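J.: sharing a model that was predicted from the sequence below.
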Amino acid sequence: MNFSMTTQFIKPLFASLLSDGGPTFMYPTLILLIICIALIIKGLLKGDADNKIQKLISSISLFALVWGFLGHFIGMIGGMDAISSANDISSGVLAAGIKISLLSPSFGIVVFLIARLGIIALILKEK
């Protein structure tokens, strides 16, 4: 598999996951990821003598994590409402709904981990 085939597969998959996970929660989390990466790069290039960038990255990453779990809980509440009003629901439909509800917290966790790795890099750069 060459590089162009890989990117042709990954781009639609990533866009699909963003929309499947709920644009209300996934796109703001993506924006938070971009902000964290920009702050990490800024801190690595210009330095962070007063640890202001580290604290900001830490706060943003925690917000992204909590935002993802909020999306999960809201999605699960909506899903449980739909299940309670339906008489018969298949296990496949239930599994698909649970998978969709887990996309938002999973992406929040990814953002959190990337930001924390950036904070580790900033700490190592200082010493």
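T.: Everything's here; your move. All values reported here derive from a predicted model rather than from experimental measurement. Numbering: from 1, shown residues only.
J.: and Phe73, what's its pLDDT?
T.: pLDDT for Phe73: 92.
J.: ugh, typo on my part, it should be Leu18
T.: For Leu18, pLDDT reads 71.
J.: that one and Leu30 touch, don't they?
T.: Yes: when contacts are counted by Cβ atoms under 8 Å, Leu18 is listed as touching Leu30 (6.6 Å). In short, each C-beta sits where N, CA and C put it, glycine included.
J.: need the contact list for Leu33.
T.: Residues near Leu33 by Cβ atoms under 8 Å, 6 or more residues apart in numbering: Ala64, Val110, Val111, Ile114.
J.: go through the longest helix along the chain and flag the buried ones.
T.: When the chain is parsed with DSSP state H, its longest helix is helix 91-126. For helix 91-126, the neighbour count (16 or more other Cβ atoms under 10 Å) marks 97, 100-105, 107-108, 111-112, 114-116, 118-119, 122 as buried.
J.: again, but for stretch 53-70
T.: Buried residues in stretch 53-70 (16+ other Cβ under 10 Å): Ile53, Gln54, Leu56, Ile57, Ser58, Ile60, Ser61, Phe63, Ala64, Leu65, Trp67, Gly68.
J.: in three-state terms, label the third one for me.
T.: At Leu56, secondary structure determined by DSSP: H, G, I helix; E, B strand; the rest coil is helix.
J.: host element of the closest residue to it other than its chain neighbours?
T.: Counting by Cβ to Cβ, 6 or more residues apart in numbering, the nearest residue to Leu56 once its immediate chain neighbours are dropped is Leu39, at 6.1 Å. Element membership for Leu39 (DSSP states H and E) is helix 23-46.
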